[in-house]
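> the following block contains a protein sequence and its predicted model.
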Amino acid sequence: MSVFFKSKNHIVYFNSNEQNSAYELGLALSALVKKHALYDKNIIFLCIGSDRATGDCLGPIIGYKLSKYIRQPNIHIYGTLEHPVHAKNLKDTVTMINQKHDNAFIIAIDASLGKLDHIGYITLGEGPLKPGAGVDKDLPEVGDLFITGIVNFSGLLDHMLLQTTRLNVVMSMADQICLAINYCISHLKSQLLKEVY
């Protein structure tokens, strides 16, 4: 679970129930990646969460889906259903990523809690994500960009809310975010080919 920092850089909200949300998210993501990442950088999708709570499995589901079809040498996926990245191994995983990948550009993906009328929304923002803040865990900030899916509302007994989050909400957002990332990668590839030729 994450909350995001509102800084001088803006956060954009996308309603995952709207028809063009994946396209608009993918376009916005590709613009931010182009703005911050050079083509020689390794792009890391760090999908944070646990498969032990419905509300916290957004990241691992996205990681699982992306790992099935992304096969590019400079794009790497960490955090899947089989090998989740969660509170206990996040710090070690980030250290390993920085040691293994030169020029790592990290896009952190996680579930978050928010307002009741924002459930089902996806956020995209610049800067680091603070994983675990939604459930009072003290974890390091991570990422150059972040994507979060608001899976439930924030309130009393946030841990209980994670257990009672509807899987349909999580799966629907996971599908939209994966489509957006796929579009982003295709868009960046076509832009690179235009610049080469």
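Good, I have the coordinates.

> going forward, measure contacts and count neighbours with C-alpha atoms only.
OK.

> what residues of the helix ranked longest in the chain count as buried?
In the chain, with assignment by DSSP state H, the single longest helix is helix 167-196. Neighbour counts over helix 167-196 (16 or more other C-alpha atoms under 10 Å) mark 167, 169-171, 173-185, 187-188 as buried.

> shaky segments in the chain?
1-9, 38-39, 132-136, 155-162, 191-197 (pLDDT under 70).

> ranges for the helices of it?
Going by DSSP H, the chain shows helices at 21-36, 58-69, 90-100, 158-164, 167-196.

> make CSV out of the ones you listed and add distance to V12.
Compiled in CSV, these are given as follows (distance: least, C-alpha to C-alpha, whole Å):
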stretch, distance to V12
helix 21-36, 9
helix 58-69, 19
helix 90-100, 25
helix 158-164, 24
helix 167-196, 14
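
> distance check, the residue nearest the centre of the chain against G149.
Nearest residue to the geometric centre of the chain (C-alpha atoms, centre = their mean): I109, 1.8 Å. Distance, I109 to G149, by C-alpha to C-alpha, to the nearest Å: 8 Å.

> kindly report the same for K65.
Relative to G149, and taking C-alpha to C-alpha, K65 is found at 16 Å.

> same question for E24.
For E24, the distance to G149 - C-alpha to C-alpha - is 15 Å.

> the more surrounded of those two?
Per other C-alpha atoms under 10 Å, whichever of E24 and G149 has more neighbours is G149, with 33 against 15.

> show me what contacts that one?
Counting by C-alpha atoms under 8 Å, 6 or more residues apart in numbering, G149 makes contact with 58, 110-112, 120-123, 170, 173.
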